[in-house]
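In: Pasting a predicted model and its sequence here:
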Amino acid sequence: MLFTADPADVHYTSSAKFSDFQRGHEFKKKFDVLGNGHFNTDGEEWSMHRKLARTIFSHPQFNDLTTTRTLEKVKEGVIPVLDDACSRGQLVDLQDIFQRYSYDLIFQLVTGCDPKKLSADFPEVPFSKAMDDAMKAIAARMIIPRSLWSLQRWLRIGRDTTSTGMSWFLWAIHREPSILREIREEMKTVLPPNEANKRHRFTAEELSKMIYLHASLCETLRLYPPVPFQARIPKKPDTLPSSHRVHPHMTVMISTFAMGRMTSIWGKDSKELKPERRITEQGKIKHEPAHKFFTFGAGSRICLGKEMAFAQMKAAAATILHNYDIEFLETDRVRPVLSVILQMEHGLKATLKDRDGLDK
């Protein structure tokens, strides 16, 4: 097994020589929980799934539906749950709330039905427990020899990573008060003057104008990528741009987590959350090559749901930051769990209250 965080290697395996590097049969066995979808297949089977997925994600009606459902879920799910927690002074796990938010949205987009797991009574979600266990098992399979992991089959379901990104975002920006203030100031600029000091649910148009919020999310996803590593297996012996030799019996592990923190890629301040690095002089979002900002993958396997993920994160984040103040509990216990998904090991416990100075 070879670990790399070299952007040249990423570009080589994901784009330049994409057809020469694959997921492989062992990868598919380890990720059997995800079935035979485009995530863990290769060749013609992958191409078929990819074309179908691209057709869905690029369809205007699907994008309109995603926007509508997202804003509805914020109105009918996120706000009532947080208002209830505020009124009772209840300690809540924001990571759990975001998982329910994400789960409801995905389930609704796929089936047309809203399971309403995001509600004030916090109904049990066996799906989440099953998938948490599955992701931890897969993480072990990626490192431990096959002879040591069980061939147990899990439910054929996928897991969304948007909730993980939102959890790390809220935690990270509350450690940087100046960034939080700047985000809130930006929110005021997209609102009518008579609405700036009132509770508000943002529209899609208003959210699209929040450049600093978007940049802050990008920075969080750089430092805390929901999928911390990705794997590639060469079809034949080869030499990577980093001069490392690889062969078909070797797994090339790309560490997205390490890439986001390397000074050789992001400069001396690479470990700092700095939204300004993601904004151009013209006030637009700065484009970063996918083989540098690898959070959403690169090349032919780049994440098709990237824009949808940003839309869901911005809708929830803007609503929470504008309408509520958050006090986190035991921030020193916030650390990632060893899993395929970079979740917080003990959740994100917090209490919320209505923001001072806002009219209802």
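Out: Good, I have the coordinates.
In: gap between Thr162 and Val252?
Out: 27 Å (CB to CB, to the nearest Å). In this view, the C-beta of every residue, glycine as well, is placed from N, C-alpha and C.
In: sorry, that was for Val190
Out: 43 Å.
In: Low-confidence regions, the protein specifically.
Out: 24-42, 125-160, 331-332, 360 (pLDDT under 70).
In: all helices for it, in order.
Out: For the chain, applying DSSP state H gives helices covering 7-11, 25-30, 43-57, 60-73, 79-88, 94-111, 126-143, 162-173, 177-190, 204-208, 211-223, 256-259, 263-266, 306-323.
In: closest to Val340 out of the ones you listed?
Out: helix 126-143 (4.5 Å; CB to CB).
In: picking up where we left off before, out of the helices of the chain, which is closest to Met1?
Out: The nearest among those, by CB to CB, is helix 126-143 at 8.1 Å.
In: Report the separation between Phe18 and Arg50.
Out: Phe18 is 12 Å from Arg50, by CB to CB.
In: Identify the contacts common to those two.
Out: Residues touching both Phe18 and Arg50 (CB atoms under 8 Å, 6 or more residues apart in numbering): Ser300.
In: burial count for the residue lying closest to Lys117 once chain neighbours are set aside?
Out: Nearest non-adjacent residue to Lys117, counting by CB to CB, 6 or more residues apart in numbering: Arg100, 4.6 Å away. Neighbour count of Arg100, defined by other CB atoms under 10 Å: 24.
In: Could you pull up the contacting residues of Arg100?
Out: By CB under 8 Å, 6+ apart, the neighbours of Arg100 are Gly77, Lys117, Leu118, Phe122, Val125.
In: What about these, which one has the most neighbours?
Out: Comparing the contacts of Arg100 by number of neighbours (other CB under 10 Å), Leu118 comes first, having 26 neighbours.
In: The residue nearest to Lys17 when sequence neighbours are not counted - how many residues pack around it?
Out: Once flanking residues are discounted, Lys17 sits nearest to Asp238: 7.3 Å by CB to CB, 6+ apart. Asp238 is flanked by 18 other residues according to other CB under 10 Å.
In: so what's Ala120 up against?
Out: Taking CB under 8 Å, 6+ apart, we find Ala120 in contact with Pro80, Val81, Asp84, Ala85.
In: Oh, that last question was meant for Phe293, not what I typed.
Out: Neighbouring residues of Phe293 by CB under 8 Å, 6+ apart: Cys218, Arg222, Gly260.
In: circling back to that earlier point, can you put the contacts of Arg100 in JSON lines and add distance to Trp171?
Out: Conversion of the contacts of Arg100 to JSON lines gives the following (distance: CB to CB, whole Å):
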{"residue": "Gly77", "distance to Trp171": "21"}
{"residue": "Lys117", "distance to Trp171": "22"}
{"residue": "Leu118", "distance to Trp171": "20"}
{"residue": "Phe122", "distance to Trp171": "20"}
{"residue": "Val125", "distance to Trp171": "22"}
